[in-house]
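> after the sequence you'll find the predicted model.
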Amino acid sequence: MKKILITGGAGFIGSHVVRRFVQKYPAYQIYNLDALTYAGNLENITDIEQAPNYTFIKGDITAESFINHLFEQHQFDGVIHLAAESHVDRSIEDPLAFVKTNVIGTMHLLNAAKKQWEGKEATKRFYHISTDEVYGSLGAEGLFTETTPYDPNSPYSASKASSDHFVRAYGETYGLPYVITNCSNNYGPNHFPEKLIPLFINNIINNKALPVYGNGKYTRDWLFVEDHAVAIDLVFHEGKNHQTYNIGGFNEWQNIDLVKLLCQIMDVKLGRVPGTSEALITYVKDRPGHDLRYAIDASKINKELGWKPSVTFEQGLDRTVDWYLANETWLKNVTSGEYAKYYEKQYE
């Protein structure tokens with residue numbers, strides 16, 4: 001039986017990865033470590049919480065002695081590291097929080113793995129999930145590849161770039177068996193509504209303004225979260241040690257075009273007059289260091305591991321909207337309290 005530690009497994013991407021591993025690999029024991037901060041929500045994984053091969057552990061990766069004890073106690077065979085502070089706006093407001101979680105927290109995991117796996121590296125794997133934002137901003141042409149130089153422009157992307165470098169350094173210096181993936185913007189069910197798509201779905205439901213940064217021309221590559229979970233599964237099991245794989249949706253959209261498509265879908269789903277939701281679009285002051293365009297070349301993972309997206313953006317967005325409309329209780333639960341205060345400060 002393999003013992004796999006998944007960090008951040010109550011979060012957006014993490015919950016989909018935990019579910020996939022628990023359900024697909026009954027011979028694995030899956031340990032879900034999450035601090036349950038504002039974006040971690042056990043309601044995301046109620047369907048597998050009673051599974052015999054699943055254990056939830058509440059804890060913080062920034063607590064060094066706790067992490068060391070956890071590795072000593074459970075003797076993990078693999079780590080899938082998703083736990084991170086990930087919202088650019090929050091990183092601008094509080095950069096040190098991102099350094100603490102994304103850099104120091106990753107270091108504690110690396111040190112614990114290095115200590116416990118010494119002499120047994122051939123049967124272990126440390127999988128670090130990162131972002132395309134570490135590469136900086138693209139112009140109108142070109143794609144990020146695995147060899148694109150790092151050029152982070154926000155405190156968030158700088159913290160993730162730093163953690164990527166430390167993972168690689170531990171591989172080169174200590175022989176730690178690692179893989180890294182850098183993914184494009186994820187969307188789908190269970191996404192905390194501070195990011196664009198779930199934020200706007202919630203605002204449209206409640207007839208609130210849709211705050212679009214700048215002129216809305218920023219371009220992103222969008223990846224359906226369930227397709228990302230499949231890719232993570234493949235890389236964990238079949239990826240080559242000391243390799244990086246970029247995971248993207250081959251699916252570029254300017255923010256304003258995405259928002260207008262979402263408005264059209266929502267008007268149909270809610271039975272509203274066409275154009276009702278689009279009238280809520282409000283252009284707001286741009287954020288500092290805003291990258292113009294991200295786009296990933298995912299040909300390496302396609303050629304080596306046979307992965308490609310299973311849904312078009314229109315299909316994935318339709319499924320995402322359906323999920324939020326069917327889970328309004330979940331949505332109301334996560335948009336109360338501290339999040340409401342944060343939203344007010346950021347956008348109102």
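Structure's in. What do you need? Numbers count the residues shown, from 1 in each chain.
> quick one: buried residues of whichever strand or helix holds residue 110?
Using DSSP states H and E, the secondary-structure element containing residue 110 is helix 106-117. Using 16 or more other C-beta atoms under 10 Å as the test for burial, helix 106-117 gives 106, 107, 108, 109, 110, 111, 112, 113, 114, 116, 117. C-beta here means a position set from N, CA and C on the backbone, and glycine is covered the same way.
> out of these, who's nearest residue 213?
Distance to residue 213 across those (C-beta to C-beta) is lowest for residue 106, with 28.8 Å.
> how many other residues sit next to the closest residue in space to that closest one that isn't next to it in sequence?
Counting by C-beta to C-beta, 6 or more residues apart in numbering, residue 106 lies nearest to residue 163, which is 4.2 Å off, once chain neighbours are set aside. Residue 163 has 27 neighbouring residues, counting by other C-beta atoms under 10 Å.
> residue 163: what's it in contact with?
Contacts for residue 163 (C-beta atoms under 8 Å, 6 or more residues apart in numbering) come out as 102, 103, 106, 128, 130.
> got those as TSV, with secondary structure columns?
Formatted as TSV, those follow (DSSP: H, G, I helix; E, B strand; the rest coil):
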residue	secondary structure
102	helix
103	helix
106	helix
128	strand
130	strand
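> all strands for the stretch 1-150 of the chain, in order.
Taking DSSP state E, counting those that start in this stretch as the criterion, the stretch 1-150 of the chain contains strands spanning 3-7, 29-34, 54-58, 78-81, 125-131.
> what helices or strands is the first one leaning on?
Think strand 3-7. Applying 3 or more C-beta pairs under 8 Å, 6 or more residues apart in numbering; DSSP states H and E, one finds that strand 3-7 contacts helix 12-24, strand 29-34, helix 64-74, strand 78-81.
> just to revisit the earlier point, nearest to residue 174, out of the strands of the stretch 1-150 of the chain?
Between residue 174 and the strands of the stretch 1-150 of the chain, the tightest spacing by C-beta to C-beta is seen for strand 125-131, at 10.8 Å.
> check contacts around the residue nearest in space to the middle of the chain.
The centroid of the chain falls nearest to residue 13 when counting by C-alpha atoms, centre = their mean (4.9 Å). By C-beta under 8 Å, 6+ apart, the residues touching residue 13 are 82, 129, 186, 225, 228, 229.
> circling back to that earlier point, quick one: distance of the helix holding residue 110 to the chain centre.
22 Å (C-alpha atoms, centre = their mean, to the nearest Å).
> any idea how far the closest residue to residue 104 other than its chain neighbours lies from residue 303?
Nearest-residue entry for residue 104: residue 62, 5.7 Å, with adjacent residues in sequence omitted and distances by C-beta to C-beta, 6+ apart. Residue 62 sits 38 Å away from residue 303, going by C-beta to C-beta, to the nearest Å.
> do residue 29 as well
33 Å.
> of these two, who's got more company?
residue 29 (19 against 9).
> number of residues surrounding residue 308?
Using other C-beta under 10 Å, residue 308 has 14 other residues around it.
> for it, which three-state class applies?
Look at residue 308: counting by three-state DSSP, its state is coil.
> tell me the secondary structure for the closest residue to it other than its chain neighbours?
With sequence-adjacent residues excluded and distances taken as C-beta to C-beta, 6+ apart, residue 308 is closest to residue 302, at 5.3 Å. Secondary structure, three-state DSSP: residue 302 is helix.
> and the average pLDDT for stretch 184-202 is what?
Confidence over stretch 184-202, taken as the mean pLDDT, stands at 94.
> also stretch 33-43?
Stretch 33-43 shows a mean pLDDT of 89.
> what comes into contact with it?
5-12, 14-15, 49, 56-61, 70, 83, 86, 190, 192, 194, 330, 333-334, 338-339, 342.
> what's the helix or strand for residue 322?
helix 313-326.
> which residues of this structure score low on pLDDT?
337-343, 346-348 (pLDDT under 70).
> ok, now with 80
1, 289, 337-348 (pLDDT under 80).
> grab the longest helix from it for me.
Longest helix of the chain, by residue count under DSSP state H: helix 155-174.
> hang on, the earlier thing: name the helices or strands packed onto the helix holding residue 110?
In terms of contacts (3+ C-beta pairs under 8 Å, 6+ apart), helix 106-117 is packed against helix 64-74, strand 78-81, strand 125-131, helix 155-174.
> at 10 Å what do you get?
Contact here means 3 or more C-beta pairs under 10 Å, 6 or more residues apart in numbering; DSSP states H and E; on that basis helix 106-117 packs against strand 3-7, helix 64-74, strand 78-81, strand 125-131, helix 155-174.
> no further queries at this time; thank you.
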